[in-house]
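Q: Predicted structure and sequence below. I'll ask about it afterward.
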Amino acid sequence: MDNSYVLMALVGAAVAVAIRLEGRVWDRAFPPIDALALGVWAVVGAQKTLGVGLGPIAAIILGLATAVGGGFVRDMVVRRVPTILGGSTPYATCALAAAGVAVLFTVLGLTTIGSFAGTAVGAGFCLLARYRDWVLPAGIGWKPPRPSFRRILPRRRKSA
């Protein structure tokens with residue numbers, strides 16, 4: 001196991017505890033940092049998946065899950081509504097694009113270029129969506145039908 005991931009997580013946690021991150025400067029710095037983190041984690045998740053022998057589709061899905069899951073945990077820790085759940089921003093779509101680009105380049109044998117390209121695509125797409133206020137279409141408001149035992153149980157015929 002490579003300890004550098006754990007060490008970086010601990011350093012990040014120490015910085016977050018030691019430095020109060022809020023205000024105008026943080027509001028301007030957060031979107032690019034968040035977008036870059038999304039791209040990096042999508043690429044890392046996808047490439048790690050390929051590294052253990054799983055296929056490209058699994059790598060894209062796990063890259064997406066890694067990026068979105070990390071953002072979800074971060075938002076929960078800072079007591080915010082997770083980005084993936086609120087506002088209909090294309091957060092997961094950006095992670096999907098990053099993982100897809102990384103997998104494509106890795107399958108072609110260009111792993112290093114894929115790392116940079118996937119990160120750039122994911123971060124760039126995320127920033128572009130944020131600054132252009134792109135949102136995904138709202139749901140159609142589907143509701144499940146009310147349960148009815150008449151549809152499930154056979155009808156009994158009355159005897160004459």
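A: Cool, got the structure.
Q: okay, CA-based contacts and neighbour counts for the rest of this
A: Fine.
Q: For residue 50, list the residues it contacts.
A: Counting by C-alpha atoms under 8 Å, 6 or more residues apart in numbering, residue 50 touches 56, 59, 103.
Q: would CSV of those with neighbour count and secondary structure be doable?
A: Shown next, in CSV, are the contacts of residue 50 (neighbours: other C-alpha atoms under 10 Å; DSSP: H, G, I helix; E, B strand; the rest coil):
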residue, neighbour count, secondary structure
56, 20, helix
59, 27, helix
103, 28, helix
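Q: can you list those in a markdown table and add distance to residue 143 and pLDDT?
A: Output for those, formatted as a markdown table (distance: C-alpha to C-alpha, whole Å; pLDDT from 0 to 100):
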| residue | distance to residue 143 | pLDDT |
| --- | --- | --- |
| 56 | 35 | 95 |
| 59 | 33 | 96 |
| 103 | 37 | 97 |
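Q: Share the number of residues neighbouring residue 129, please.
A: Burial of residue 129 is recorded as 16 neighbouring residues (other C-alpha atoms under 10 Å).
Q: nearest spatial neighbour of the spatially most central residue of the chain, skipping sequence neighbours?
A: Centroid-nearest residue in the chain: residue 68, 2.0 Å away (criterion: C-alpha atoms, centre = their mean). With sequence-adjacent residues excluded and distances taken as C-alpha to C-alpha, 6 or more residues apart in numbering, residue 68 is closest to residue 92, at 6.2 Å.
Q: Give the next helix or strand downstream of the strand or helix carrying the one you found.
A: Using DSSP states H and E, residue 92 falls within helix 91-107. Going down the chain from helix 91-107, the next helix or strand is helix 111-131, by DSSP H and E.
Q: Mean confidence (pLDDT) on that next one, please.
A: The pLDDT scores in helix 111-131 average 94.
Q: Low-confidence bits of this protein, can you list those?
A: Applying pLDDT under 70 to the chain picks out residues 1, 86-88, 139, 147-160.
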